[in-house]
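# Just the structure for this:
(4 chains)
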Number of protein chains: 2
Amino acid sequence: MLTERQRMILNAIVDDYIRSAEPVGSRSISKRGDVGYSAATIRNEMADLEELGFLEQPHTSAGRVPSIKGYRYYVDHLVKLGDVNEHELKLLRSYIAEKMRGMEQVTQHAAMILSNLTNYTSIFLGPETFNTTLKHFQLVPLNEDTAVAIIVTSTGHVENTTVSIPSDMSMSDMERIVNILNAKLAGVPLVQLRSKLFSEVGEELSRYAAHCERMIDVLTGVLKEGEGNRVFLSGTTNILTQPEFKDVDKVKTLLDLLEETPTIMKLFADLPAGIQVRIGTENEHEAINNCSLITATFSIDGQSLGTIGILGPTRMEYGKVISLLDVLSKDLAVLMARWYK
Amino acid sequence: MLTERQRMILNAIVDDYIRSAEPVGSRSISKRGDVGYSAATIRNEMADLEELGFLEQPHTSAGRVPSIKGYRYYVDHLVKLGDVNEHELKLLRSYIAEKMRGMEQVTQHAAMILSNLTNYTSIFLGPETFNTTLKHFQLVPLNEDTAVAIIVTSTGHVENTTVSIPSDMSMSDMERIVNILNAKLAGVPLVQLRSKLFSEVGEELSRYAAHCERMIDVLTGVLKEGEGNRVFLSGTTNILTQPEFKDVDKVKTLLDLLEETPTIMKLFADLPAGIQVRIGTENEHEAINNCSLITATFSIDGQSLGTIGILGPTRMEYGKVISLLDVLSKDLAVLMARWYK
DNA sequence: GATTAGCACTCACCAACCAAGAGTGCTAAC
DNA sequence: GTTAGCACTCTTGGTTGGTGAGTGCTAATC
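Residues are numbered from 1 along each chain as shown, chains lettered A, B, ... in the order given. Model (predicted):
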């Protein structure tokens, strides 16, 4: 619905604004070389674009600034994916060099590199527990009445809590129960643990029923607690270098948001595989209404294994970030496929 | 070396400044009621105090502000420990209600409450690994060539990494080695693991020597990696509400510092048991030269089990924070004594 | 001799004001 | 359809002058 020239001008304006962070005027566009029109012509087009809702004016006689709708159009139709240069590529892939750490460490490291490379904040969200299965469960006694409960999931994730040992449970009882639970419950999806317990293990452990249920409580407790550990942030303060965050109050609300893991998890909920761009108010949460969130969710056999997101101002280098995330998520997908073949 | 009146005036100035965050003038002190002198007298004393280095003037004809030396004198001789009120005490002790979680969770929760109560940033540093002993070591295989290595320490702390299994090591080999290592190394201080390995386990595992050394590498690797996990922050953004941090640049350097776990660990190194106050430039690190750090290190039998610190502006409510930390650290000491009796 | 009232002086802070510059919208010419 | 020209708007930065808080000093007072 936009003319070729309008698209060209919109593109120029967004590019300029992303670079300069200042409202861009008709003259500066006209002088860019790649747009062969005079300032006056551009002015007319800009007025039209504003009427159509793609641009905004902070005040009369300031330049124009892209609106959310403008950014959206830019991202959907205009943005040129920057190509990832040698240096960046090398850096980005350096995490693979640390051969064979856990999947988590790898992704977290990747997220860190990404935040350095982009100067925005990167967020990594680990796989949802209900997609993973139980690998191993164990109790390590610390002294007579306390023990550490440890759970290992199929993705190599480890969770633990300290629990108190009921006084009426002997060491050998405990060992036996843990053994049986392991034999029966290994490979069971985490969310089905409880129901499986009753259907499968029921009769065999009936004499330990009470204890056993206790154990499952512990198990699910550990899992629930671990929920929060899925979020990993990197470069939190990078965003402070952006001029749109020179106001401490804005900074505070943003940082407060980032500290609230549940909120972040909600933000990342239900993302389809692949790259997703959420611009400004397209984000649910008010605190990031002047931010954009670009996410890459990678999955294997339809099972999501995590999401890496980049949070920056709406005036974000979309082209660069998208292409970086694209490369990275494809790399990770390959890596994971090999890992969990 | 200060006269009674000078002490009184210094005390009044520091108190006022802590409340208002603004240079305090002679008149406002004179009108406080508890100091029965006229503004002129106070002015003279203030001039003297300035000459002695206890006060500073931002510029001529502004009020006075305490210097580092002034704060130091205040903390050492003048400060009245605020008494902890019922409500605070209840809140502060609520972590105990979560009966018998791990020591770590308890302290971390306490640190969180503390940051809420004070509106400063609280930092918790877990016990040094070389004071703790190995409780349990385990490998959980994930697939043919990777496994999760898990370590449990005597304090109930759990560390883990994913490692690759050498192709020439069979499952049963692995199990055997792990078993022997556990039997021999449980109870050994973490730092002595390697030397103990050779002296004690040497002959018994000579046929597995190579593998065994590999295992120890894994073990120490896990530990080194875990070093960073000892730091726990809470209320990071609280400090942003303080007027001295209305400048985003300062905020950034401070937050950057807080993200660097090694630096924080250095900051907390070699603290004696009990409460310690470091004011402004008394702190090594430049980024917190206008902050004060109050720490409480609690130990049992001379073995440090962690430190809780409060980081705030130099203009901090010393009395309140010190008494809160005092109560808390004593509580924790009791709790831990029961725990690790 | 210590204390205090009085006074001149110093700055930071604020508001008003002004000029410059950037950008716009509109009109008329190309 | 495009562009040059022009009047108009509005931010920005600098200057100026007034105000108030606070000081240092001196002289009077207790």
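
# So what's the residue count around A:Lys196?
Using other CB atoms under 10 Å in any protein chain shown, A:Lys196 has 18 neighbouring residues. For every residue, glycine as well, the C-beta is placed using N, CA and C.

# Now do the strands in the stretch 151-300 of chain A.
Along the stretch 151-300 of chain A, counting by DSSP state E, counting those that start in this stretch, strands occupy A:158-164, A:231-234, A:274-279, A:291-300.

# If I take the worst-scoring helix or strand of chain A on mean pLDDT and strand A:158-164, what angle do their directions form?
Across the helices and strands of chain A, mean pLDDT, DSSP states H and E gives its lowest value to helix A:209-226, namely a mean of 75. Our comparison of helix A:209-226 with strand A:158-164, counting by axes from the mean of the first three to the mean of the last three CA atoms, to 10 degrees, yields an angle of 130 degrees.

# what sits against the residue of the stretch 151-300 of chain A found nearest chain B?
In the stretch 151-300 of chain A, the residue found nearest to chain B is A:Thr162; the distance is 3.1 Å by CB to the nearest CB. The neighbours of A:Thr162, taking CB atoms under 8 Å, 6 or more residues apart in numbering or on different chains as the test, are A:Leu142, A:Thr146, A:Ala147, A:Val148, A:Ala149, B:Met100, B:Arg101, B:Gly102, B:Met103, B:Glu104, B:Gln105, B:Gly156.

# what sits up against the top helix by length along chain A?
For chain A, the helix with the greatest residue count under DSSP state H is helix A:318-339. Outside helix A:318-339, the residues that touch it by CB under 8 Å, 6+ apart are A:18, A:71, A:74-75, A:79-84, A:88-89, A:92-93, A:96, A:103, A:106-107, A:110, A:114, A:117-118, A:120, A:274-275, A:277, A:292, A:294-300, A:305, A:308, A:310, A:312, B:146.

# Check stretch A:246-257 too.
A:236, A:239-240, A:244-245, A:263-264, A:285, A:287-288, A:290-291, B:236-237, B:240-241, B:245-248, B:251, B:255.

# For chain A, what lies in contact range of DNA strand D?
Residues of chain A lying close to DNA strand D by CB under 7 Å from any atom of the strand are A:Gly36, A:Tyr37, A:Ser38, A:Ala39, A:Ala40, A:Thr41, A:Asn44, A:His59, A:Thr60, A:Ser61, A:Ala62.

# right, and the pair among those residues with maximum separation?
A:Gly36 and A:His59 (29.3 Å; CB to CB).

# What's the end-to-end length of stretch A:280-295?
14 Å (CA to CA, to the nearest Å).

# List the residues that contact A:Ala110.
So A:Ala110 contacts A:Leu92, A:Tyr95, A:Phe124, A:Ile308, A:Leu328, A:Leu332 (CB under 8 Å, 6+ apart).

# Retrieve the pLDDT associated with it.
What the model reports as pLDDT for A:Ala110 is 89.

# Doesn't A:Arg32 lie inside a helix?
No. Counting by DSSP: H, G, I helix; E, B strand; the rest coil, one finds A:Arg32 to be coil, located in no helix.

# Three-state assignment for the closest residue to it other than its chain neighbours, please.
For A:Arg32, ignoring the flanking residues on the chain, the nearest one in space by CB to CB, 6 or more residues apart in numbering or on different chains is A:Ala12 at 6.1 Å. Secondary structure state of A:Ala12, per three-state DSSP, is helix.

# hang on, isn't A:Ala12 packed against A:Ser30?
No. Using CB atoms under 8 Å, A:Ala12 is not in contact with A:Ser30; the gap is 9.6 Å.

# quick one: stretch A:82-93 to chain centroid distance?
Relative to its chain's centre, stretch A:82-93 lies at 21 Å (CA atoms, centre = their mean, to the nearest Å).

# Which residues outside that stretch are in contact with it?
A:110, A:113-114, A:116-117, A:317, A:319-320, A:323-324, A:327-328, A:331.

# Got phi/psi on the closest residue to DNA strand C within chain A?
For chain A and DNA strand C, the shortest gap (CB to the nearest atom of the strand) falls at A:Gly25, measuring 2.7 Å. The phi/psi pair for A:Gly25 (degrees, to the nearest 10) reads phi -100, psi 170.

# got it, and A:Ala273?
Torsion angles at A:Ala273 (phi, psi; degrees, to the nearest 10) stand at phi -60, psi 150.

# Burial check on A:Leu125, number of neighbours?
Neighbourhood size, A:Leu125 [other CB under 10 Å]: 24.

# Spit out the contact partners of it.
Applying CB under 8 Å, 6+ apart, the residues contacting A:Leu125 are A:Arg230, A:Val231, A:Phe232, A:Ile264, A:Met265, A:Phe268, A:Gly306, A:Thr307, A:Ile308, A:Gly309.

# returning to what we had before: are any of the residues of chain A next to DNA strand D buried, and if so which?
With neighbours counted by 16 or more other CB atoms under 10 Å in any protein chain shown, the residues of chain A next to DNA strand D contain buried members at A:Tyr37, A:Thr41.

# Just the residues of chain A next to DNA strand D: which are in helices?
A:Ala39, A:Ala40, A:Thr41, A:Asn44.

# Distance of the last one relative to B:Pro262?
From A:Asn44 over to B:Pro262 the distance is 58 Å, taken as CB to CB, to the nearest Å.

# Check A:Ser61 too.
Distance from A:Ser61 to B:Pro262, by CB to CB: 51 Å.

# about what we covered before: just the buried ones from the contacts of stretch A:246-257?
Buried among the contacts of stretch A:246-257 (16+ other CB under 10 Å): A:236, A:239-240, A:245, A:263-264, A:287-288, A:290-291, B:236-237, B:240, B:245, B:248, B:251, B:255.

# Give me the below-cutoff pLDDT ranges for the stretch 1-150 of chain A.
A:96-101, A:129-130 (pLDDT under 70).

# which residue ranges form the helices in it?
For the stretch 1-150 of chain A, applying DSSP state H, counting those that start in this stretch gives helices covering A:4-20, A:26-30, A:39-52, A:68-73, A:86-97, A:103-118.

# Need these in JSON lines (columns: distance to B:Val188).
Putting the helices of the stretch 1-150 of chain A into JSON lines (distance: least, CB to CB, whole Å) gives the following:
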{"stretch": "helix A:4-20", "distance to B:Val188": "58"}
{"stretch": "helix A:26-30", "distance to B:Val188": "70"}
{"stretch": "helix A:39-52", "distance to B:Val188": "72"}
{"stretch": "helix A:68-73", "distance to B:Val188": "59"}
{"stretch": "helix A:86-97", "distance to B:Val188": "33"}
{"stretch": "helix A:103-118", "distance to B:Val188": "27"}
